[in-house]
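> fold the following for me, if possible:
(chains A and B)
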Amino acid sequence: MSAVAFEHVTLQLGGRAVLSDVSFEIQAGEFIGVLGPNGAGKTTLMRAILGLLAPGAGRIKVFGQAPECGNPAIGYLPQLRTVLPDLRIRGRDVIAGSLNGECWGLALTSRRDRLMVEETLEAVGARELANRPLAEMSGGERQRLLLAQALIGSPKLLLLDEPLISLDARRQEIAIDVVRRFCRERKITVLFSAHELNQLLGTLDRVLYLGNGHAVLGAVEEVVTAPILSKLFGTEIQVLRADGHIFVMSRGLDVERTDHLHDHGHDHGHHHHH
Amino acid sequence: MIMATIITTDMFAYDFMINAFAAAGIAAVVSGIVGYFLVMRGQTFAGHALSHIGFAGATGAGLVGLAPLWGLIAFTLAAGVIMGALSERISNRDVAIGVVLALALGFGLLFLHYHTSFATQATALLFGNVLAVDHAMITTLALLGAITLAALAFVMRPLVFSSLQPELAEAKGVPLRAVSVTFLAIVALAVSVCAQIVGVLLVFTLMVGPPAAAQRVTTGLWSGLFVSAGLAIGEAWLGLTTAFYTDWPVSFCIACLSALAYFVCIALPKRTRPAQAAPAS
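Numbering: from 1, shown residues only, chains lettered A, B, ... in the order given. This is a model prediction of the structure:
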């Protein structure tokens, strides 16, 4: 059984089709890198899998069933993470508040839940960190804590929306390593969205590249090629391989490192015919 | 020592002081606990607005011959539910809230204008009159307080989750809108209880001062709640005692103590562990 399957799915956001007629199938236990320019629909895709956005057309299946809100089999790290500046509640209590947070009643945590929290914090090396309030952590520390939270309760599918944002290169590697170790051991399917492909190269099984309303799933060598990316970005793309790294270039600029180019590519797409 | 004992005995020799201690205690616990979540959610201004809207309700109730408390409850509840329902659009927008609260105070003035005999009670509404509380009022306050805290206990889990991590809470199926509406209805009840003690203009002294101070001394969720409720009770009772000795208005004394506790807690060194040293690589 596939973990996530899209069958001719169209996803709309405010009347605009973010993805149109997209089909792919992700196998259980796969580590999928979700890539694509800004606004390509990485977050929208994850929200659809979570059941927060119904497809305008087509069918989505998560472990063989229609997506449902609050599915306990899915761990999720949202990209937009609101942290009120005045909030001085320690990380450990913030995480504990997310356990069974959808049930009614007093926010008491059972001994079992506390143990589970401690185990996961230990696994990502964040036990000490969890004593501090979220508002006083650096972006990287906060990320590490929320990553731990997404891993609590042994989900079968993990949706990580840009978990590397605001981490320095070394912390990025640590974060990827934590997710890889944790998920390989437990055979958890991972959708890991990112801006840069290279750090994920050694880890991911396949890549899901989004752009221009399309999505292509496949091995890196098949997908990250000039013809396919040119279509997804809607502009002329070159792919250079050097020293085990892959550089996706548009007119001599690295598209993964230059954000404004994404917008340019997007605008360009409207006049481009394929 | 002997003098102090005699004077303390004196204070409780008066029925109105005993009543005041009971009423202030109830209001302080409710305010300290509900206020903790108000501060956590960054919605203190919405709480302030609710109390002003309650002023219009209380004077309006006087106009139609009802007890001010019921007008206060009706208006704050209605306003709380509406603000919660409009959640993202209104309840966190300072300008919209500011306009509505000014309008509500304006209406309060209009109702007073047509009900001049009520004007003497206006000061009590605005600044509280805890020394005039009778047994019937204490029973009513206890009942309202119990309903408020029971409702809060019922929604506490999703409330904490959706306040701390709204995006994730939504993904886990927490009905954010429903939680927000319920919470502001709870705040409305708490404001109504609190306003009986310190008045609509000074509800911040018990609903925001103690929880804000508590968050400076502890970072735990439950410890924060207990410290907040404890501070609120302490400030209310100490305020009453001070007022008894000095003949200053009770609400003034509570307001001073609330501000004092907050600034002292801010001045205290933060009670969190120092930044973790980077692990050797």
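
> around chain B, pick out the residues from chain A.
A:47, A:50, A:52, A:69-70, A:74, A:76, A:78, A:80-82, A:84, A:86-90, A:93-94, A:96-98, A:100-107, A:125, A:128-129, A:131-133, A:136, A:149, A:170 (CB under 8 Å from any CB of the partner chain). Glycine gets a C-beta too; all of them are placed from N, C-alpha and C.

> ChimeraX command to pick out the buried ones of the residues you listed?
If you want just the buried ones from those in ChimeraX, going by 16 or more other CB atoms under 10 Å in any protein chain shown, the selection is:
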select /A:47,50,52,70,74,76,78,81,87,88,89,90,93,94,96,97,98,100,101,102,107,129,131,132,133,136,149
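
> just the residues of chain A next to chain B: which are in helices?
If you go by DSSP state H, the residues of chain A next to chain B have A:47, A:93-94, A:96-98, A:149, A:170 in helices.

> same list, these, but as JSON lines with pLDDT please.
Shown next, in JSON lines, are those (pLDDT from 0 to 100):
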{"residue": "A:47", "pLDDT": "90"}
{"residue": "A:93", "pLDDT": "87"}
{"residue": "A:94", "pLDDT": "86"}
{"residue": "A:96", "pLDDT": "86"}
{"residue": "A:97", "pLDDT": "84"}
{"residue": "A:98", "pLDDT": "83"}
{"residue": "A:149", "pLDDT": "86"}
{"residue": "A:170", "pLDDT": "83"}
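
> and those, which is closest to residue B:256?
Nearest to residue B:256 among these is residue A:93, at 31.6 Å by CB to CB.

> could you check which residue of the stretch 101-250 of chain A lies nearest chain B?
residue A:101 (2.8 Å; CB to the nearest CB).

> how about the closest residue to that residue other than its chain neighbours, what does it touch?
Leaving aside its sequence neighbours, residue A:101 sits nearest to residue B:161 (CB to CB, 6 or more residues apart in numbering or on different chains; 2.8 Å). Residue B:161 makes contacts with A:97-98, A:101-102, A:107, B:168-169, B:172, B:174, as judged by CB atoms under 8 Å, 6 or more residues apart in numbering or on different chains.

> tally of neighbours for residue B:50?
34 (other CB atoms under 10 Å in any protein chain shown).

> quick one, what contacts it?
Per CB under 8 Å, 6+ apart, neighbours of residue B:50: B:76, B:79-80, B:83, B:184, B:187-188, B:191.

> helices along the chain, start to end?
Since you didn't name a chain, this refers to chain A. Counting by DSSP H, the helices of chain A are A:42-49, A:91-98, A:111-123, A:139-151, A:169-186, A:220-223, A:226-233, A:259-269.

> wrong chain, I was asking about chain B
Using DSSP H, helices in chain B cover B:2-13, B:15-40, B:44-63, B:68-85, B:87-90, B:94-113, B:119-127, B:135-164, B:166-171, B:176-198, B:204-207, B:209-217, B:221-246, B:250-267.

> most tightly packed of those?
helix B:204-207 (a mean of 30; mean count of other CB atoms under 10 Å in any protein chain shown).

> please name the nearest non-neighbouring residue to residue A:2.
residue A:25 (4.6 Å).

> no wait, residue A:30
That would be residue A:205: by CB to CB, 6+ apart, it lies 4.7 Å from residue A:30.
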